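*Asks:* The following block contains a protein sequence and its predicted model.
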Protein chains: 2
Amino acid sequence: MQEQELAISDNDPVLGSQFAIELVRQMRAIDPYGTYDDWPAHKILDPFVLTKERLRELPLVGDPDEIVVARVQAFYNAIAALVEAECGLRATTFFSLSHEGFGRALMTVGKLVVMDRALRDVHRFGFPSASKMKDEADKLLSVALEIIGEHPRVAGM
Amino acid sequence: MQEQELAISDNDPVLGSQFAIELVRQMRAIDPYGTYDDWPAHKILDPFVLTKERLRELPLVGDPDEIVVARVQAFYNAIAALVEAECGLRATTFFSLSHEGFGRALMTVGKLVVMDRALRDVHRFGFPSASKMKDEADKLLSVALEIIGEHPRVAGM
């Protein structure tokens, strides 16, 4: 990876959030060669931010590579981990993705679907800023917890 | 495909079942070149049957090709169509499969998970006979309808 300006500063308050801490943990978990071992959190999360300039460099149409697919999974798995932490029940994610980068991400708790998202243009997966990413994660988390609250028995509570 | 003995006879009573009719429909739907146009039902469903002899010819470990993956999806999609016919609600299937043939098949109705199956050794997907296949489909169908009956509101009823 070429040295480039990072899109998240090392004192970004988002980095202290539960979500960011969990996302870093997820990324480290899928780092078999220890590349990230001596990377700080903001460097690990940097690829999740697609600034306008970064987006412009990406093709409109393209097949996602394994790295970006792993990033999408880490994002939703981090939310699943927070759902688990909140409700004490196992949250499972599912990804169904065509090689063109279209598909769905699903999260279930017990027999309850707590998230169901269409995935498209996965090769352009990213957020305008770290705080926008956290907002999105917070929204998905609160919707999931709301659904569990409505149907606790189906979720297995 | 070489001419070989079929494992389903053309007067097998299973062929008249709702499930078999739907499975034939699913198979015809994914037949873009019209290969099956002049095939009778028992010939279209024949590859779903893996007799002991056929199993013996398959490797224990192997990557499933597109055709067998499409067959797995047709099997579960046929069940989804029967679930829809019974309860009047949209049933959606979801497949998450590694290229080694391991993964999961999920079926949801509304926010309810009505089926959740581990898939393994998908390159050896098949049933000992047509009636065993129908038994399996009937079982999955009745469990799905039971779950919907228990949680009609979550299913969207």
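*Replies:* Noted; the coordinates are in hand. Numbers count the residues shown, from 1 in each chain, chains lettered A, B, ... in the order given.
*Asks:* any idea of the mean pLDDT in the helix or strand containing residue A:19?
*Replies:* If you go by DSSP states H and E, residue A:19 is part of helix A:18-29. Summarised as a single mean, pLDDT over helix A:18-29 is 96.
*Asks:* do the same with stretch A:69-86
*Replies:* Rounded mean pLDDT across stretch A:69-86 is 97.
*Asks:* got a list of contacts for that stretch?
*Replies:* A:18-19, A:22-23, A:25-27, A:30, A:47-48, A:64, A:89-93, A:95, A:97, A:105, A:107, A:109, A:114-115, A:117, A:119, A:122, A:125, A:133, A:137, A:140-141, A:144-145, A:148 (CB atoms under 8 Å, 6 or more residues apart in numbering or on different chains). All C-beta spots, glycine's among them, are computed from the backbone N, C-alpha and C.
*Asks:* circling back: which element is encountered next along the chain beyond the helix holding residue A:19?
*Replies:* With DSSP H and E, the next secondary element past helix A:18-29 is helix A:41-45.
*Asks:* picking up where we left off before, restrict the contacts of stretch A:69-86 to contacts with chain B.
*Replies:* Subset of the contacts of stretch A:69-86 in contact with chain B: A:95, A:114, counting by CB under 8 Å from any CB of the partner chain.
*Asks:* Where do the helices of chain A begin and end?
*Replies:* Here chain A has its helices, by DSSP state H, at A:18-29, A:41-45, A:52-57, A:66-87, A:130-150, A:152-155.
*Asks:* Show me where chain A dips below the pLDDT cut-off.
*Replies:* Across chain A, the ranges flagged by pLDDT under 70 are A:1-4.
*Asks:* same thing but at 90, please
*Replies:* When residues are selected by pLDDT under 90, those of chain A lie in A:1-5, A:32, A:59-66, A:97-101, A:157.
*Asks:* Which among the contacts of stretch A:69-86 count as buried?
*Replies:* Among the contacts of stretch A:69-86, the ones that count as buried by 16 or more other CB atoms under 10 Å in any protein chain shown are A:18-19, A:22-23, A:26-27, A:47-48, A:64, A:89, A:91-93, A:95, A:97, A:105, A:107, A:109, A:114-115, A:119, A:122, A:125, A:133, A:137, A:140-141, A:144-145, A:148.
*Asks:* residues in contact with the helix holding residue A:19?
*Replies:* In contact with helix A:18-29 (CB under 8 Å, 6+ apart) are residues A:14-15, A:36, A:41, A:44-45, A:48, A:71, A:74-75, A:77-79, A:81-82, A:85, A:130, A:134, A:137-138, A:141.
*Asks:* What about residue A:147, how many residues nearby?
*Replies:* 21 (other CB atoms under 10 Å in any protein chain shown).
*Asks:* Show the contacting residues for it.
*Replies:* Applying CB under 8 Å, 6+ apart, the residues contacting residue A:147 are A:112, A:113, A:114, B:111.
*Asks:* Go through those and name the one nearest residue A:57.
*Replies:* Closest approach between the contacts of residue A:147 and residue A:57, by CB to CB: residue A:114, at 34.9 Å.
*Asks:* which one is that closest one nearest to, not counting chain neighbours?
*Replies:* residue A:144 (3.9 Å; CB to CB, 6 or more residues apart in numbering or on different chains).
*Asks:* if I look at the one you found, how far off is chain B?
*Replies:* From residue A:144 over to chain B the distance is 11 Å, taken as CB to the nearest CB, to the nearest Å.
*Asks:* for that residue, what are its contacts?
*Replies:* Contact partners of residue A:144, counting by CB under 8 Å, 6+ apart, are A:79, A:83, A:91, A:107, A:109, A:114, A:115.
*Asks:* list the buried ones in stretch A:98-113?
*Replies:* In stretch A:98-113, counting by 16+ other CB under 10 Å, buried: A:101, A:103, A:104, A:105, A:106, A:107, A:108, A:109, A:110, A:111, A:112, A:113.
*Asks:* residues contacting the residue nearest to the fourth one when sequence neighbours are not counted?
*Replies:* Yep, that's residue A:105 we're talking about. Setting aside the residues directly before and after it, residue A:105 is nearest to residue A:117 in space (CB to CB, 6+ apart), at 4.7 Å. By CB under 8 Å, 6+ apart, the contact list for residue A:117 reads A:76, A:104, A:105, A:106, A:140.
*Asks:* go with 10 Å
*Replies:* Shown in contact with residue A:117 (CB atoms under 10 Å, 6 or more residues apart in numbering or on different chains): A:72, A:76, A:103, A:104, A:105, A:106, A:107, A:140.
*Asks:* ditto for residue A:68
*Replies:* A:47, A:58, A:62, A:101, A:122, A:123, A:124, A:125, A:126.
*Asks:* likewise residue A:93?
*Replies:* Contacts of residue A:93 by CB under 10 Å, 6+ apart are A:73, A:75-81, A:83, A:105-108, A:115, B:96.
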